[in-house]
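Participant: Provide a 3D model corresponding to the input given below.
(2 chains)
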Amino acid sequence: MVTTNPFAELTVLLPPFAMQAYVVLMVFAVAIGTLFDIRHKRSAEYFLRARAKSKEAATRRLNGSDTFTLFAKFMLIDVASAGEFCNPMRRISHVLMFYGFLLYLVTTLVLVFGYMTPGTQAPAAWPVLWNIGALMVMVGGYWFFFFIRVDVAKERQSPFRLKRADLFIVSLLASVTLALVWEIVQFAGYPTATRIVFGIYILFTTLLFVGVPWSKFAHMFYKPAAAFQKRMEQANGASDLPSPTGRYEGR
Amino acid sequence: MPTFVYMTRCDGCGQCVDICPSDIMHIDRVYRRAYNIEPNFCWECYSCVKACPQHAIDVRGYADFAPLNHKVTVLRDEAKGTVSWKIRYRDGRVKEFTFPIRTTPWGSIKPPTDYRAPDAAALDSPMLAHEPEALMIDTLPSLPPLAAAPG
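Facilitator: Next up, the predicted model:
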């Protein structure tokens, strides 16, 4: 089951072009949603203003080598290993979701655009990676949803008390979970159930990508920018944080 | 000087919610970021300010003490055992202070669980639990008994 392209079976229901067009539409939805989000929240304006203030307050000029070192640290610590999180559990959960989602996304693109025609069979590695990606998102995501989410872990709220802030995690988890359920039902040979589950899977996937202006999906674009800016401020002396002298007052 | 949260810096880890002795640091229901729900009830202990790993909690000064547009930030360094403060006034002056987190070595104070559990008879004692041992003194000073009123 996990070695077969789950999207290939869709050709009896939909032409390959329809699935490919859907993927392209979702890419546009994310791009437009992110731009709308930036404009609506004025986050780009805020970011540029903060950057100008930081430049003014800088006490040290950074050269090319400094900037490169900062960028390397930013990529390795802040982006690749979610270094922003102080809670190690949250960091592990985020890393699982981050790499799982990337794997799921890339393999979906490869399977939908490369191996949808009846004559071409996808190498087993791609569907296996698609399943691993979805499972990583589910492990990290459900762990976060039921145990780490701040209102659940700190405010002792029920994990099922959902607010707009949960739109991203709920639609992401529903999308990948239904993807795997759809794959199982499809290979078990239940055509009606397959169509129903596929319909719900597409519904939540659409919600995930079209809901960008109302969810925190866009954080994957602006969070890295803010993390790099923070590193620049720490290095050029513009940071508001104290610089401990090692000597105590009054001694 | 009550505290407030920069929502753009807060990552919603909830450490301030855990540490606030007044239970006024809560998580916003829409944005899932921390905020001070009732600044009037803030004890101004700054536990949240020092505990915040993202340095997202700032202090709103009283106008007579620190005029508007000032900025107070704090950096807690457990490795060095210091708490450093930086105050930037609106006229551009900057003051920095560094204090020790504590004046006794780490681990030198016994936690309450290391003390013998008090028995029921301790309810009749005027002393608090684990006194005077926990205060590292032999006896607590006490007032002399009141003299009997004349007549």
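Participant: count of neighbours near residue 9?
Facilitator: Chain wasn't specified; assuming chain A. 15 (other C-beta atoms under 10 Å in any protein chain shown). Glycine gets a C-beta too; all of them are placed from N, C-alpha and C.
Participant: Sorry, I should have been clearer: chain B.
Facilitator: B:R9 has 15 nearby residues by other C-beta under 10 Å.
Participant: same thing with A:R149?
Facilitator: Using other C-beta under 10 Å, A:R149 has 23 other residues around it.
Participant: For the nearest residue to it once chain neighbours are set aside, give its distance to A:V139.
Facilitator: Nearest-residue entry for A:R149: A:P159, 6.8 Å, with adjacent residues in sequence omitted and distances by C-beta to C-beta, 6 or more residues apart in numbering or on different chains. Here A:P159 is placed at a distance of 16 Å from A:V139 (C-beta to C-beta, to the nearest Å).
Participant: One more: A:T117?
Facilitator: 33 Å.
Participant: What segments of chain B are strands?
Facilitator: B:3-5, B:25-27, B:34-36, B:57-59, B:71-77, B:82-88, B:94-100 (DSSP state E).
Participant: and those as a markdown table, adding distance to B:V49?
Facilitator: A markdown table is the format used below for those (distance: least, C-beta to C-beta, whole Å):
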| stretch | distance to B:V49 |
| --- | --- |
| strand B:3-5 | 6 |
| strand B:25-27 | 10 |
| strand B:34-36 | 11 |
| strand B:57-59 | 5 |
| strand B:71-77 | 5 |
| strand B:82-88 | 9 |
| strand B:94-100 | 13 |
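Participant: A:T117 and A:V139 - which one has more neighbours?
Facilitator: Each of A:T117 and A:V139 has its neighbours counted (other C-beta under 10 Å); A:V139 has more, 15 against 10.
Participant: Would you confirm that B:R29 contacts A:L162?
Facilitator: No - counting by C-beta atoms under 8 Å, B:R29 does not reach A:L162; the two are 10.6 Å apart.
Participant: Show me the residue at the heart of chain A, geometrically.
Facilitator: Geometric centre of chain A, nearest residue: A:F98, 5.4 Å, by C-alpha atoms, centre = their mean.
Participant: who's in contact with it?
Facilitator: A:A82 (C-beta atoms under 8 Å, 6 or more residues apart in numbering or on different chains).
Participant: Mind pulling the model confidence for it?
Facilitator: Listed pLDDT for A:F98 reads 95.
Participant: swap in B:G151?
Facilitator: For B:G151, the predicted pLDDT is 61.
Participant: Also B:E44?
Facilitator: Per-residue pLDDT puts B:E44 at 87.
Participant: coming back round to it: helix or strand for the residue nearest to the centre of chain A, which one?
Facilitator: A:F98 is part of helix A:88-114, with elements assigned from DSSP states H and E.
Participant: which of the residues in that helix are buried?
Facilitator: By neighbour count on 16 or more other C-beta atoms under 10 Å in any protein chain shown, the buried set for helix A:88-114 is A:90, A:92-101, A:103-104, A:107-108, A:110-112.
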